[in-house]
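Participant: Sequence and predicted structure, then a few things I'm wondering about:
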Amino acid sequence: MLFRIILLALLLSGSLLCEGQSPPAAPAPRSFLEPADSLHPGRFWISAGAGAAIYSGFSVGLWQVWYRDYELGPFHLFNDWHEWEQMDKMGHFFTAYHESNWIFTGARWTGMRRRSAMWTGIGAGLLLQSTVEVMDGFSEKWGFSMADMGFNLLGASLFAAQELCWEEQRIRPKISSSPAPYPSDPVFSTDGSEQTTLQARADELFGTSFGENFVKDYNAQTIWLSANIHAFLPRRENTRFPRWLNLALGYGAANMYGGFDNSWTTGQAEFFADPDLYPRYRQFYLSPDIDLSRLPVRSRLLRTMLGTLNFIKIPAPALEFNTRGKLRFHALYW
């Protein structure tokens, strides 16, 4: 654990050393929320210490809550590419992007140069994601997933590519979650001796509270790529087109009651959801969205709050096409 804390501190400070900077005396910014014009030593060490503490707490807490009660073994790989119709991979992509972007924003708040802050965000974001994968690698129930790491890199790369090309984030991954009641029809075990429902299976997999559902329920989740239209317009400074209006493409999946297929074991009984009644399928969406960071808000506090919430897709009308060959219009989808 100490090695990880030191590594995170090195990530935060090493980017400065790459530019030959040492923390000079810097004037205090006019506002606490305003990024410093040059490296501010107090902010830098506060951020480095807070980052190390958060990472330490994250690692210890995750191990205690998630991994401690499962059987451990030698480090090994696990091919989970076909699990959850790749919805979990989209989650890795989404998380790695936002971790990189949030840490970049925090580094810029200290007065760190843009390029240094970018590499700090990418390095620290991938460190957080890699920690989870390494823990998976020692768990007998899971394993280190090369596919997960690939999507972690893809998310961080989306952030880096936009920073390098435009010095702004024009395309952002976002998330929405629309939980719906699961079927309560009886599902019998393969030997006919026991019965359950898909609602009970969903409660077991995804939990029953809003927070658990939002994080765990892959059937309810949609991961979006939300692009700001104004940012791509020619001569955009001379147009009255709304700066905050986005167009979003979404991906989701449905009828998933297990990672790889819809079969599971409860006690000694084996169950499966009839694939004719509950076929697993993918969903694709097109919907307008709002870039909260581009709303014309003067208050720096309010802008900061809106920027923090900018990972959430705004409820809006949506057009859905799915792999069952159906086209649907949703008057309001989230």
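Facilitator: Arrived safely, thanks for sending.
Participant: Tell me which helix or strand in the chain has the weakest average pLDDT.
Facilitator: Sorting the helices and strands of the chain by mean pLDDT, DSSP states H and E puts helix 2-18 at the bottom, at a mean of 36.
Participant: right, and the helix or strand after that helix?
Facilitator: For helix 2-18, the following helix or strand on the C-terminal side (DSSP states H and E) is helix 41-62.
Participant: Return the list of helices and strands in contact with that following helix.
Facilitator: helix 2-18, helix 87-109, helix 114-137 (3 or more Cβ pairs under 8 Å, 6 or more residues apart in numbering; DSSP states H and E). Backbone N, C-alpha and C define where each C-beta goes, glycine included.
Participant: So which of the ones you listed is the most surrounded?
Facilitator: helix 87-109 (a mean of 22; mean count of other Cβ atoms under 10 Å).
Participant: Check the offset of it from the chain's centre.
Facilitator: On the basis of Cα atoms, centre = their mean, to the nearest Å, helix 87-109 sits 7 Å off its chain's mean C-alpha point.
Participant: export it as PDB, just CAs?
Facilitator: The C-alpha trace of helix 87-109 is given here as PDB (Å, rounded to 0.1, in the frame of the first residue of the first chain):
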ATOM      1  CA  MET A  87     -21.800  -3.100 -21.000                       C
ATOM      2  CA  ASP A  88     -19.100  -3.500 -18.300                       C
ATOM      3  CA  LYS A  89     -16.500  -2.600 -20.900                       C
ATOM      4  CA  MET A  90     -18.300   0.600 -21.600                       C
ATOM      5  CA  GLY A  91     -18.300   1.300 -17.900                       C
ATOM      6  CA  HIS A  92     -14.500   1.000 -17.900                       C
ATOM      7  CA  PHE A  93     -14.300   3.400 -20.800                       C
ATOM      8  CA  PHE A  94     -16.600   5.900 -19.100                       C
ATOM      9  CA  THR A  95     -14.800   5.700 -15.700                       C
ATOM     10  CA  ALA A  96     -11.200   6.000 -17.100                       C
ATOM     11  CA  TYR A  97     -12.200   9.100 -19.100                       C
ATOM     12  CA  HIS A  98     -13.700  10.900 -16.200                       C
ATOM     13  CA  GLU A  99     -11.000  10.000 -13.700                       C
ATOM     14  CA  SER A 100      -8.400  11.400 -16.200                       C
ATOM     15  CA  ASN A 101     -10.500  14.500 -16.800                       C
ATOM     16  CA  TRP A 102     -11.200  15.200 -13.100                       C
ATOM     17  CA  ILE A 103      -7.600  14.700 -12.000                       C
ATOM     18  CA  PHE A 104      -6.500  16.900 -14.900                       C
ATOM     19  CA  THR A 105      -8.900  19.600 -13.700                       C
ATOM     20  CA  GLY A 106      -7.600  19.300 -10.200                       C
ATOM     21  CA  ALA A 107      -4.000  19.600 -11.400                       C
ATOM     22  CA  ARG A 108      -4.800  22.700 -13.400                       C
ATOM     23  CA  TRP A 109      -6.300  24.200 -10.200                       C
END
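Participant: could you give the mean pLDDT of that helix?
Facilitator: Taken as a whole, helix 87-109 has an average pLDDT of 95.
Participant: Show me the residue at the heart of this protein, geometrically.
Facilitator: T95 (2.4 Å; Cα atoms, centre = their mean).
Participant: Now do that one against Q129, distance only.
Facilitator: Relative to Q129, T95 is positioned 7 Å away (Cβ to Cβ, to the nearest Å).
Participant: related to what we said a few turns ago, can you add distance to L153 and give the helices and strands packed on helix 41-62 back as TSV?
Facilitator: Output for the helices and strands packed on helix 41-62, formatted as TSV (distance: least, Cβ to Cβ, whole Å):
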stretch	distance to L153
helix 2-18	16
helix 87-109	7
helix 114-137	7
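Participant: can you state the direction angle for the host helix or strand of R282 and helix 87-109?
Facilitator: Using DSSP H and E, R282 sits within strand 281-290. Here strand 281-290 points in a direction 30 degrees away from that of helix 87-109 (axes from the mean of the first three to the mean of the last three Cα atoms, to 10 degrees).
Participant: Tell me which strands strand 281-290 pairs with, and in which orientation.
Facilitator: If you go by DSSP bridges, strand 281-290 pairs up with strand 245-254 (antiparallel), strand 316-322 (antiparallel).
Participant: going on from that strand, what's the next piece of helix or strand?
Facilitator: By DSSP H and E, the next helix or strand past strand 281-290 is helix 300-308.
Participant: from what I can see A254 touches Q283, true?
Facilitator: Yes: at 6.3 Å, A254 counts as touching Q283 under the criterion of Cβ atoms under 8 Å.
Participant: what's the overlap in contacts for these two?
Facilitator: Overlap of the contact sets of A254 and Q283 (by Cβ atoms under 8 Å, 6 or more residues apart in numbering) consists of N322.
Participant: What strands flank the strand or helix carrying R328, and is each parallel or antiparallel?
Facilitator: Assessed by DSSP H and E, R328 sits inside strand 327-333. Counting by DSSP bridges, the strands paired with strand 327-333 are strand 316-322 (antiparallel).
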